[in-house]
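Visitor: the following block contains a protein sequence and its predicted model.
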Amino acid sequence: MLRMVAVLLGVTCLVVCGCGDLSGLGTVTGQVTMDGQPLANVMVTFIPTGGGNASTGVTDASGNYQLVHPAGRGAELGTHTVRVTTVQAEARTMTDVSSDSEEYMQMQAGGEDYEQLSRSVEEKIPSRYNTQSELTHEVTAGANVIDLALTSS
């Protein structure tokens, strides 16, 4: 009986105190540029190549982004296909919503309303960076700074 209590106490301590990052996410930030100029209001999506949940973020006026995953901030560990797409002018509410909110997560998941809005704006980023993306990046545990230097030609 004493041994069982000691084991339960040890497991409880590990759960409460933690034993490292068990989320399986690495934080991902960076800057998106096109021909050396920052790209504002573009969506960056990291899609795990081995399956899993995508992470997304929208760039600010300086082209900076931070990824958000359904489980928290960051992206799943491993190799990702990266897509960069133009945020729709009509979908501007996406950048107005806090990335910590449930509404933001639903918009990131590509709900029906967002899908409808996204069809209405011409894509300014070459397809090799979005629908036919050639970009791949590795996400590791801890902080990842992944700048995306795109070219129009």
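Guide: Noted; the coordinates are in hand.

Visitor: buried set for stretch 46-55?
Guide: Buried residues in stretch 46-55, counting neighbours by 16 or more other CB atoms under 10 Å, are found at F46, I47, P48, G52, A54, S55. From N, CA and C alone the C-beta is placed, and that goes for glycine too.

Visitor: what residues does that stretch touch?
Guide: Contact with stretch 46-55 is made by 28, 45, 56, 67-71, 74-76, 78-83, 136-137, 139, as judged by CB atoms under 8 Å, 6 or more residues apart in numbering.

Visitor: shaky segments in this protein?
Guide: Where the chain drops to pLDDT under 70, the residues are 1-23, 89-121.

Visitor: try it again with 80
Guide: Across the chain, the ranges flagged by pLDDT under 80 are 1-23, 88-122.

Visitor: now the strands for it?
Guide: 25-34, 37-38, 42-48, 55-58, 64-66, 68-69, 72-73, 75-76, 78-86, 135-139, 142-145, 148-150 (DSSP state E).

Visitor: so which elements touch the last one?
Guide: Packing partners of strand 148-150 (3 or more CB pairs under 8 Å, 6 or more residues apart in numbering; DSSP states H and E): strand 25-34, strand 78-86.

Visitor: and for the first one?
Guide: Using 3+ CB pairs under 8 Å, 6+ apart as the contact criterion, the secondary-structure elements in contact with strand 25-34 are strand 42-48, strand 64-66, strand 72-73, strand 75-76, strand 142-145, strand 148-150.
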